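1. Quick one: sequence and predicted model below, then my questions.
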Amino acid sequence: MGGLASRRRRNLWIGFGTTLAVLLAAGVGVLLTVKPWTDEFRHGGLTIAAPPAPVRPFPQVSPAPSNAPAPSPAGVAAALAPVIGNPDLGAFAGQVTDADSATVLWSGDPGRPMIPSSTAKILLTAAALLALPAEHRVSTKVVAGSAPNELVLVGGGDPTLTAEPEGKGYYPHGPRVSDLVAQIKKSGRAVDTIVVDTSTYAGPTMAQGWDPVDIGDGSIAPLESVMIDGGRLQPLVEYSPRTPTPALDAGRRLAFELGLDPARVRIGAAAPGAAQVAVVQSAPLRDRLRDTMVWSDNVLAEAIGREIAVATGYEASFHGAVAAVSAALEKAGFDLSGLSMQDNSGLSVDDRIPARLLDRVMATAAKPSAATAIQPVGTMARPENDRLAATLAPLLDDLPIAGATGSLTSRYVTGNRNAAGWVRAKTGTLSVSSALVGYVLDADGRVLTFALMSNDRPPEVSRPALDAIAGTLRNCGCS
């Protein structure tokens, strides 16, 4: 048995050795053919192209040509005829203006008061530019309380305060709770209680025409004079559910950061002349206006409206802020016929603005300066108009870009792509309203402003129809 087993083992090794020799011989051929150390082997047999030559960017941003041919009302009307009759527009009103000459090129029911939704922020931004300096800031303070070991958080109307690590909250360059904490600790004051003073704002915290469901849905928070990240429960999420008690929550977060019991936080009032212990300031108005417009932030819009009210002698309430915005626009010479507002963000379903007014504000902002404008024969430039245009011109840079930024990021991507990058406009969306207000460079190089407003259709139906109108203006060679 032992000899038989040995022979079998020997035969097995001989067979295995023969097979191995064959495999090795074959392997040599494979190795010689495949060359696993080569790029072709490592990338599945594909060759690698040489890298392209480096490209240096040369941004070229230039103004619209001053000698572009002027569009005619007849030409614009003919171009728009196929798209303005779309039944998806529902109840529709609009106006289109040549910015160079201030000539209305087309209008349809322009004086009819329409639900503007968030295009109301056009009027807010214009009023802010007229009434406040671009560097204007809002302060949030901590002052000494009336009782021992008590501090008062005094809201000045800034909803951009953040408690996020390293101060990187929802709003870029928002002030930080950690800075308040550092100043409080440096003061050496003993503290065990936080009082939150919201008296900067007056009146109700929710406007007429607002739906409380929008708090949980993330469109709004009750308007109080101090908030953290606009009242968002998830600070970095745009449409995060909001808190129904933003000021109290801000006080509780300050207490937590100080190592205090959040239960020792209450709403109250600072004593007149109370000593200041800490203070932080908002970003400049110009930055907050841009965030308001690009991301259509309702809380920030309402806060800026009250900022205008405080600066111009009106009550810091919904009613006072609306009155302050209207007064600034009326003083600048805008016809406010048909305007009826309950807020400044456009969230109220009871707001009404005629397309004529929105387009006139846009056309004024887009008016060329006297140095580049072509004046009609026999007329002279009016310096006050030039000053008004220069004041409102920053509004143009605050608008979202079609297919690229803010609330227009996802539009003009699959449809009307030829207008992507050319249309800049403020969007407006409610369940009963869609609107688009902005400007576009037409095919001849002429700047056209527009206000397009659709009511009584769901936004998923009306928005493509509005986009098609603005896209048609982009392609219009209507001289």
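-> Thanks, I have it.

2. Please, where are all the strands along the stretch 301-450 of the chain?
-> Ranges of strands in the stretch 301-450 of the chain, per DSSP state E, counting those that start in this stretch, are 353-354, 424-430, 433-441, 447-455.

3. Quick check: which of the ones you listed is nearest to residue 293?
-> Distance to residue 293, taken as Cβ to Cβ, is lowest for strand 424-430 among these, at 6.1 Å. Placement of C-beta: from N, CA and C, glycine included.

4. thinking again about what came up before, so which of the strands of the stretch 301-450 of the chain is nearest residue 139?
-> Distance to residue 139, taken as Cβ to Cβ, is lowest for strand 424-430 among the strands of the stretch 301-450 of the chain, at 28.7 Å.

5. re the thing from before, how about CSV for the strands of the stretch 301-450 of the chain, with mean pLDDT, mean neighbour count and distance to residue 80 added?
-> Shown next, in CSV, are the strands of the stretch 301-450 of the chain (pLDDT from 0 to 100; neighbours: other Cβ atoms under 10 Å; distance: least, Cβ to Cβ, whole Å):
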stretch, mean pLDDT, mean neighbour count, distance to residue 80
strand 353-354, 98, 26, 19
strand 424-430, 97, 25, 16
strand 433-441, 97, 27, 13
strand 447-455, 98, 28, 10
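
6. Take the ones you listed and lay them out in a markdown table including distance to residue 75.
-> A markdown table is the format used below for the strands of the stretch 301-450 of the chain (distance: least, Cβ to Cβ, whole Å):
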| stretch | distance to residue 75 |
| --- | --- |
| strand 353-354 | 25 |
| strand 424-430 | 22 |
| strand 433-441 | 15 |
| strand 447-455 | 11 |
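
7. Nearest to residue 266, out of those?
-> With Cβ to Cβ as the criterion, residue 266 lies closest to strand 424-430 of these, at 36.4 Å.

8. neighbours around residue 239, how many?
-> 10 (other Cβ atoms under 10 Å).

9. wait, isn't residue 419 in contact with residue 471?
-> Yes: using Cβ atoms under 8 Å, residue 419 is in contact with residue 471, at 3.9 Å.

10. hey, what's in contact with both of those two?
-> With contacts defined as Cβ atoms under 8 Å, 6 or more residues apart in numbering, the residues adjacent to both residue 419 and residue 471 are residue 412.

11. Quick one: closest of the strands of the stretch 301-450 of the chain to residue 224.
-> Closest among the strands of the stretch 301-450 of the chain, using Cβ to Cβ: strand 424-430, at 23.6 Å.

12. who touches the closest one?
-> Here strand 424-430 makes contact (Cβ under 8 Å, 6+ apart) with 115-122, 293, 296, 346-347, 349, 396, 399-402, 407-408, 411, 434-440, 450, 453, 459, 463, 470.

13. ok and that strand relative to strand 447-455, angle-wise?
-> If you take axes from the mean of the first three to the mean of the last three Cα atoms, to 10 degrees, strand 424-430 sits at 0 degrees to strand 447-455.

14. Kindly list the main-chain dihedrals of residue 141?
-> For residue 141, the backbone dihedrals (degrees, to the nearest 10) come out as phi -120, psi 160.

15. That one: what's it in contact with?
-> So residue 141 contacts 153-154, 156, 276, 278-279 (Cβ under 8 Å, 6+ apart).

16. Nearest to residue 109 among those residues?
-> residue 156 (41.9 Å).

17. pretty sure that closest one is touching residue 136, no?
-> No: the pair residue 156 / residue 136 is not scored as a contact, 11.8 Å apart, by Cβ under 8 Å.

18. With neighbour numbers in mind, choose between the two.
-> The residue with more neighbours, out of residue 156 and residue 136, is residue 156; 22 against 17, by other Cβ under 10 Å.

19. Could you check how far that one is from residue 334?
-> Residue 156 sits at a distance of 29 Å from residue 334 (criterion: Cβ to Cβ, to the nearest Å).

20. what do you get for residue 261?
-> Using Cβ to Cβ, one gets 52 Å for the distance from residue 261 to residue 334.

21. Residue 51 now?
-> 56 Å.

22. who's more crowded, the two?
-> Using other Cβ under 10 Å as the criterion, residue 51 and residue 334 rank with residue 334 on top: 21 against 6.

23. isn't that one right next to residue 357, touching?
-> Yes: proximity of residue 334 to residue 357 meets the contact threshold set by Cβ under 8 Å, at 6.4 Å.

24. Now do the shared contacts for the two.
-> When contacts are counted by Cβ under 8 Å, 6+ apart, residue 334 and residue 357 have no shared neighbour.

25. buried sites along the helix or strand hosting residue 186?
-> Per DSSP states H and E, residue 186 falls inside helix 177-187. Buried positions in helix 177-187, judged by neighbour count with 16 or more other Cβ atoms under 10 Å: 177-181, 184, 187.

26. mind putting those residues in CSV, distance to residue 315 included?
-> Listed next are these as CSV, based on distance: Cβ to Cβ, whole Å:
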residue, distance to residue 315
177, 28
178, 33
179, 30
180, 27
181, 32
184, 31
187, 33
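
27. didn't residue 143 look like it was pressed against residue 156?
-> No: Residue 143 lies out of contact with residue 156 (Cβ under 8 Å); the separation is 11.6 Å.

28. which ones are touching residue 88?
-> Contacts for residue 88 (Cβ under 8 Å, 6+ apart) come out as 457, 461-462, 464-465.

29. Distance check, it against residue 452.
-> Residue 88 sits 12 Å away from residue 452, taking Cβ to Cβ as the criterion.

30. what's the answer for residue 422, then?
-> For residue 422 relative to residue 452 (Cβ to Cβ), the value is 15 Å.

31. tell me the mean pLDDT over stretch 302-309?
-> Per-residue pLDDT over stretch 302-309 has a mean of 98.

32. Return the helix or strand in this protein with minimum mean pLDDT.
-> Least confident element among the helices and strands of the chain, by mean pLDDT, DSSP states H and E: helix 2-34 (a mean of 42).

33. ok, the next helix or strand after the helix holding residue 186: who's next to it in the sheet?
-> Once the chain leaves helix 177-187, the next helix or strand it forms, by DSSP H and E, is strand 193-197. Strand pairing for strand 193-197, using DSSP bridges, gives strand 150-154 (parallel), strand 265-268 (parallel).

34. Give the buried residues for strand 193-197.
-> Residues of strand 193-197 classed as buried: 193-197 (neighbour count, 16+ other Cβ under 10 Å).
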